[in-house]
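J.: Need a 3D model of the sequence below.
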Amino acid sequence: MELREDVVMSSTLMRPLEQVVETRIGDLSFTHDFANGYPTKETVEKLFDERDFQRACQAYLWALPIVGVAEVQHAAQAVLGASDLDVIIYETYAEKLGILTANATTPYICGYPDLARTGPLVINVPGGAGAGFVDDFWQRPITDFGLPGPDRGKGAKYLIVGPGQTVTDTQGFIVTPSSTMNLVIAFRNLETDPERADRLQKEFRVYPYARRDNPPATRYVNVGERKWSGTHPRGLGYWERLAEILNREPVQERDRIMMAMLRSVGIEKGRPFQPNARQTKVLTEASLVGEAMAKANDFDKRQMELSHYADSVHWHLSLCLDVTQEADSYTQLDERSAWFYEALCTSAGMVTKTPGIGSVYLGAYKDKDGNWLDGANTYRLHVPPNAPVKQFWSLTIYDVATRCLTKNKEEIADRSSRQPDLVKNADGSVDLYIGPNAPAGFEKNWIPTAPGKAWFPYFRLYAPTEAHFDRTWILPDFEKMR
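T.: Below you'll find the predicted structure:
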């Protein structure tokens, strides 16, 4: 910061007319010197615009979890025609294209109910090889269910109770409170036998607690060929989605300061979102800069607990936050922004430290040489033998632009150990290839990418074993083929 004085003369004295402060946002003018003067009218307007812009940029990062899941809920209702008590089946590559960092290997069964409309909600989880969870709309876990949940795959009835709601008869239910009215329910079918998988899917039910004595049938919604997107909206659409969902949720104590900051850009609980021209300009630019900050925060993580292997390996734990989103003395703003820019939902099972339970997500953005992963190049990933899993492993590729499954005419975004035609080496290891063209003889080990697009991977370990946790099994970096 530099101070500069502009001086005028009078017949009796010489005094500064104004002082100009040179800053990163431009010159700021004051009627006298900086300490004793008032900001000029032009400077007042500049400072308010900058204040609101800075607030909006930080609000963009803060809001990523709730905007992300609210956009998915909106698409489920507006595009797929789902109601609060319906569950949606995402099974094929095309049906999952709208989900942030979806698993392409196993089917998803999901619902997005609003407890303000349904009242307390029962989720009937059948016994079997399934894993799922319920998150609130800040994407914090309410409960796991299935194999990683308290029922341990034996099945149970879970009762979710929203803010201000009460229940009387809880016998036979696992009761869990939610801090938000809106929920994410996600269930992954892990059965390999078709008959058992079909039974597991059909017996998964959602219904109101008030109708527990005569529960209605659960309607299953198939995505089919309908196109939808769960990627965060860009431009003013981001703020429209935020304003809409904040009006349907209670304000939590930790968020009151941010809610105060949003008032100056036209977002206030209980009021319609009708930004004026100045606010619209500020918000539109802030959505661009906010997303750029999100990219930097996500893809070049700083001050986050990441490393799983040695520093020489670029693979890291993708979910680098406590699932409560809280540390000892602060809320994990950067950590949760990094995860929820590229992904959807959390659960205790996704950060397992117990061998044989849950899953582990490894992520990377750079190759062995430290260069960003590029769709124009071809890379090899060598998966060593005896991968540390009780169930299976999978490699899935995502486009940076959408953080969804990489889009290609082949409709291939993953390869996994469940794949019967995967080409294996003599020692049981597997070489996977990611690039524009399939290497001869390894077409079944190939995932297509496109020049002009950046991408990133997840390597998932389902029911990871001790060799993952003690690091006796290490996944090498991507090697660029020359």
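
J.: use CA for all of it now, contacts and neighbours both
T.: OK.

J.: After the longest helix seen in the chain, which helix or strand is next?
T.: Looking across the chain with DSSP state H, the single longest helix is helix 41-78. For helix 41-78, the succeeding helix or strand toward the C-terminus, using DSSP states H and E, is strand 87-90.

J.: So what's the gap between that next one and the chain middle?
T.: Chain-centre distance of strand 87-90: 19 Å, with CA atoms, centre = their mean, to the nearest Å.

J.: mean confidence score for that strand?
T.: Strand 87-90 shows a mean pLDDT of 95.

J.: before we move on, what about stretch 432-442?
T.: The model assigns stretch 432-442 a mean pLDDT of 96.

J.: Give me the contact list for that stretch.
T.: Residues from elsewhere that reach stretch 432-442 (CA atoms under 8 Å, 6 or more residues apart in numbering): 375-383, 415, 423, 445-451.

J.: Give the helix, strand or coil label for the closest residue to residue 360 other than its chain neighbours.
T.: In space, residue 360 comes closest to residue 461 once its chain neighbours are excluded; the distance is 5.1 Å by CA to CA, 6 or more residues apart in numbering. Following DSSP: H, G, I helix; E, B strand; the rest coil, we place residue 461 in the strand state.

J.: residue contacts, residue 461?
T.: 359-361, 388-389, 392-394.

J.: Now tabulate these in TSV and tack on secondary structure and distance to residue 429.
T.: Listed next are the contacts of residue 461 as TSV, based on DSSP: H, G, I helix; E, B strand; the rest coil; distance: CA to CA, whole Å:
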residue	secondary structure	distance to residue 429
359	strand	21
360	strand	20
361	strand	20
388	coil	12
389	strand	14
392	coil	14
393	strand	12
394	strand	14
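
J.: Domain-wise, how is the chain divided?
T.: As given by automatic domain parsing, the domain ranges for the chain are 2-39, 53-71+231-298, 80-222, 300-482.

J.: Mean pLDDT lowest where, among these?
T.: domain 2-39 (a mean of 75).

J.: if we can go back for a sec, who is the residue nearest to residue 360 paired with across the strands?
T.: Taking DSSP bridges as the rule, residue 461 bridges to residue 360, residue 393.

J.: what's the answer for residue 479, then?
T.: With DSSP bridges as the criterion, residue 479 is bridged to residue 380.

J.: What is the neighbour count of it?
T.: 16 (other CA atoms under 10 Å).

J.: Does it touch residue 370 like I think?
T.: No - contact criterion CA atoms under 8 Å: residue 479 and residue 370 do not qualify, at 10.2 Å.

J.: Distance to residue 352 and neighbour count for the contacts of residue 461 - can I get that in TSV?
T.: Listed next are the contacts of residue 461 as TSV, based on distance: CA to CA, whole Å; neighbours: other CA atoms under 10 Å:
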residue	distance to residue 352	neighbour count
359	6	26
360	7	24
361	10	21
388	14	24
389	13	22
392	15	19
393	15	22
394	17	19
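
J.: now, which of the residues you listed sits nearest residue 343?
T.: Checking the contacts of residue 461 against residue 343 with CA to CA, the nearest one is residue 361 at 11.1 Å.

J.: any idea how far the closest one lies from residue 458?
T.: Plainly put, residue 361 is 6 Å away from residue 458 if you go by CA to CA, to the nearest Å.

J.: Residues that sit against both of those two, list them.
T.: Joint contacts of residue 361 and residue 458 (CA under 8 Å, 6+ apart) are residue 318.

J.: what about dumping the CA coordinates of stretch 327-347 to CSV?
T.: What follows is stretch 327-347, C-alpha atoms only, in CSV (Å, rounded to 0.1, in the frame of the first residue of the first chain):
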residue,chain,number,x,y,z
ALA,A,327,-11.7,-29.8,13.4
ASP,A,328,-10.8,-29.1,17.0
SER,A,329,-11.0,-25.3,16.7
TYR,A,330,-12.5,-24.6,13.3
THR,A,331,-14.9,-25.8,10.6
GLN,A,332,-13.0,-27.4,7.7
LEU,A,333,-14.0,-24.9,5.1
ASP,A,334,-11.1,-25.5,2.6
GLU,A,335,-11.3,-29.3,3.1
ARG,A,336,-15.0,-29.5,2.5
SER,A,337,-14.9,-27.1,-0.4
ALA,A,338,-12.2,-29.3,-2.0
TRP,A,339,-14.2,-32.4,-1.7
PHE,A,340,-17.6,-31.0,-2.6
TYR,A,341,-16.4,-29.2,-5.7
GLU,A,342,-15.5,-32.6,-7.2
ALA,A,343,-17.7,-35.0,-5.4
LEU,A,344,-21.1,-35.8,-3.8
CYS,A,345,-21.8,-37.0,-0.3
THR,A,346,-19.8,-38.4,2.6
SER,A,347,-20.2,-41.3,5.0
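
J.: Show me the contact partners of that stretch.
T.: With CA under 8 Å, 6+ apart as the criterion, stretch 327-347 contacts 61-62, 64-65, 68-69, 99-101, 133-135, 139-141, 143-144, 294-295, 297-299, 301, 304, 318-321, 323, 325-326, 403.

J.: now do 7 Å
T.: 61-62, 64-65, 100-101, 133, 135, 139-141, 144, 294, 297-298, 304, 319-321, 323, 325-326, 403 (CA atoms under 7 Å, 6 or more residues apart in numbering).

J.: Check the offset of it from the chain's centre.
T.: 9 Å.

J.: Pull out the buried residues from that stretch.
T.: 332-347 (16 or more other CA atoms under 10 Å).

J.: and what of stretch 171-178?
T.: In stretch 171-178, counting by 16+ other CA under 10 Å, buried: 174-175, 177-178.

J.: Reformat those residues into CSV and put distance to residue 150 and secondary structure next to each item.
T.: What follows is the buried residues of stretch 171-178, written out as CSV (distance: CA to CA, whole Å; DSSP: H, G, I helix; E, B strand; the rest coil):
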residue, distance to residue 150, secondary structure
174, 9, strand
175, 11, strand
177, 15, strand
178, 17, coil
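
J.: Pull the contacting residues for the spatially closest residue to residue 460 that is not a sequence neighbour.
T.: Nearest residue to residue 460, sequence neighbours excluded (CA to CA, 6+ apart): residue 361, at 4.8 Å. Going by CA under 7 Å, 6+ apart, residue 361 touches 317-319, 458-461.

J.: Next one, pLDDT for the nearest residue in space to residue 264 that is not next to it in sequence please.
T.: Using CA to CA, 6+ apart and skipping the chain neighbours, the partner closest in space to residue 264 is residue 52 (6.5 Å). What the model reports for residue 52 is a pLDDT of 98.

J.: what about residue 52, neighbour count?
T.: Residue 52, neighbours per other CA under 10 Å, totals 20.

J.: Select, from the contacts of residue 361, the two members most distant in space.
T.: The span of these, defined through CA to CA, is set by 319 and 461 at 13.2 Å.

J.: Do you have the strands of the stretch 51-200 of the chain handy? List them.
T.: 87-90, 108-111, 121-125, 130-136, 141-146, 156-161, 174-177, 183-189 (DSSP state E, counting those that start in this stretch).

J.: Could you dump these into JSON lines and include distance to residue 468?
T.: Below are the strands of the stretch 51-200 of the chain laid out as JSON lines (distance: least, CA to CA, whole Å):
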{"stretch": "strand 87-90", "distance to residue 468": "29"}
{"stretch": "strand 108-111", "distance to residue 468": "26"}
{"stretch": "strand 121-125", "distance to residue 468": "29"}
{"stretch": "strand 130-136", "distance to residue 468": "20"}
{"stretch": "strand 141-146", "distance to residue 468": "22"}
{"stretch": "strand 156-161", "distance to residue 468": "30"}
{"stretch": "strand 174-177", "distance to residue 468": "32"}
{"stretch": "strand 183-189", "distance to residue 468": "22"}
